[in-house]
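> Provided below for reference: sequence and predicted model.
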Amino acid sequence: MIFYCESRIFSGQERMFLTAACARSHQTKCILIVNSTNDAAIKFSKSNGHFSEIKLIDNFDQKFSSLFIWFRWSRIYSLSQYLKEKRRQYPIICVSQGRIESGNIGVLAGKLARMNIISYIPMVHSHIEMGSGKLSGTIKDLLCSPLYRLPDSFITISNEVAIELRENCSATIKVVENFAQRKPLVKVEDVPPLFYDKSYYKLILPGRLLNKQKGQLDLVRALKVVSEKTSQNILCYIVGDGPDDSLINNEIKNLDLSHNIFMLGNRSDLLSIMYECDLVVLPSLFEGVPLVLLEAAILDKDIIASDIIGFKNYISKNDVFSPHNTDSLANKIISKLRKDATKAIYNENLERLLSRNEDIFTTDFCKVLNELS
């Protein structure tokens with residue numbers, strides 16, 4: 001089997017995909033095709049896998065992929081020729097698709113090479129959900145519509161996402177739920193501002209700095225409302241990096257919240273920082289089932305999240321707020337501050353996810369690969 005991952009980042013989606021690929025590589029001969037700039041993914045795969053070959057592909061600009069995919073035929077053709085050479089021994093390609101726009105060079109090359117194509121995809125979304133205008137969002141969705149019909153089958157991460165996928169394609173769909181590693185807490189060396197000051201109510205928003213998905217600006221603006229409605233000391237740590245670092249920083253400065261909101265960048269001690277915070281806030285506009293939700297729940301943290309598929313099926317309705325709605329988010333934070341709301345209640349779906357581990361995940365994934373092969 002060939003596994004294809006063109007992503008430049010190594011976030012939850014890529015970690016799950018490569019964990020499964022590495023497990024499979026210990027069972028049978030496998031090739032991994034991976035972005036040459038994704039050093040973390042390459043290191044992880046070499047340390048944990050047993051691949052017959054790790055083929056590095058050149059990085060490329062992945063913006064506007066739903067449109068530009070139809071103009072990347074030189075890259076697609078080159079990859080298809082490689083796949084044709086390998087097809088006799090490796091007739092199946094499993095492609096990591098964080099969104100339906102991504103990974104399609106691998107999908108189309110696999111089509112040209114007449115391979116069985118399995119897509120590993122964590123979510124379905126519309127571009128209006130992602131912040132596009134009604135007209136541009138409709139056009140982008142039309143461009144994406146054919147992409148759902150390219151793979152022969154899909155593996156996704158929840159029954160709810162599977163239902164949305166079935167509205168877009170007629171391919172076979174299998175569900176393999178995520179897991180989160182139970183990592184030990186470590187000492188916080190580079191201590192964030194006011195970290196040990198008990199007079200502050202502390203919030204944390206972990207995740208890639210990509211506002212159109214993660215909604216960091218919604219939290220920044222909500223905290224401005226909260227600061228005007230309460231006299232309680234409150235601060236927030238935003239943990240992660242990404243393309244919207246400057247955008248979020250500028251909004252913090254424009255709203256005069258630099259003494260309340262601190263951007264910490266990527267942190268290897270994220271879990272330890274999260275453990276010391278009072279509330280985990282997840283204002284995403286679209287998600288699959290983010291690993292940070294599981295990590296927060298493992299730490300038994302209080303959580304509020306936007307009312308979307310990736311969250312509402314895992315925590316109670318009292319702990320969700322309307323997505324992309326500053327007032328709804330601000331009111332939910334205030335209810336926690338005033339202790340009008342109890343600690344977040346995890347429902348049975350989340351409790352089940354917390355019982356999963358790497359062995360269960362890889363066993364399930366390899367079983368599904370066998371079925372789809």
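Structure received.
> Could you measure from residue 342 over to residue 250?
Counting by CB to CB, to the nearest Å, the separation of residue 342 from residue 250 is 36 Å. Glycine gets a C-beta too; all of them are placed from N, C-alpha and C.
> swap that for residue 265, sorry
Separation of residue 265 from residue 250 (CB to CB) stands at 16 Å.
> Repeat that for residue 182.
Look at residue 182 and residue 250: by CB to CB, they are 37 Å apart.
> do residue 71 as well
Counting by CB to CB - residue 71 and residue 250 are separated by 34 Å.
> Would you mind pulling up the elements that the helix or strand harbouring residue 327 packs against?
According to DSSP states H and E, residue 327 maps onto helix 326-337. Packing contacts for helix 326-337, counted by 3 or more CB pairs under 8 Å, 6 or more residues apart in numbering; DSSP states H and E, involve helix 216-229, strand 279-282, strand 303-306, strand 320-321.
> now those as JSON lines including distance to residue 297 and mean neighbour count?
Below are the helices and strands packed on helix 326-337 laid out as JSON lines (distance: least, CB to CB, whole Å; neighbours: other CB atoms under 10 Å):
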{"stretch": "helix 216-229", "distance to residue 297": "19", "mean neighbour count": "20"}
{"stretch": "strand 279-282", "distance to residue 297": "9", "mean neighbour count": "24"}
{"stretch": "strand 303-306", "distance to residue 297": "7", "mean neighbour count": "25"}
{"stretch": "strand 320-321", "distance to residue 297": "14", "mean neighbour count": "22"}
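> Residue 329: which of these is closest?
Closest to residue 329 of those, according to CB to CB: helix 216-229, at 4.0 Å.
> CA atoms of that closest one as PDB?
Extracted C-alpha coordinates of helix 216-229, given in PDB (Å, rounded to 0.1, in the frame of the first residue of the first chain):
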ATOM      1  CA  GLN A 216      -9.400  33.100  17.300                       C
ATOM      2  CA  LEU A 217     -10.700  36.600  16.400                       C
ATOM      3  CA  ASP A 218     -14.200  35.700  17.800                       C
ATOM      4  CA  LEU A 219     -12.600  35.000  21.200                       C
ATOM      5  CA  VAL A 220     -10.500  38.200  21.200                       C
ATOM      6  CA  ARG A 221     -13.600  40.200  20.400                       C
ATOM      7  CA  ALA A 222     -15.700  38.300  23.000                       C
ATOM      8  CA  LEU A 223     -13.100  39.000  25.700                       C
ATOM      9  CA  LYS A 224     -13.500  42.800  24.900                       C
ATOM     10  CA  VAL A 225     -17.200  42.400  25.700                       C
ATOM     11  CA  VAL A 226     -16.500  40.400  28.800                       C
ATOM     12  CA  SER A 227     -14.000  43.000  30.100                       C
ATOM     13  CA  GLU A 228     -16.700  45.700  29.700                       C
ATOM     14  CA  LYS A 229     -19.300  43.600  31.600                       C
END
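> All good on my end, thank you.
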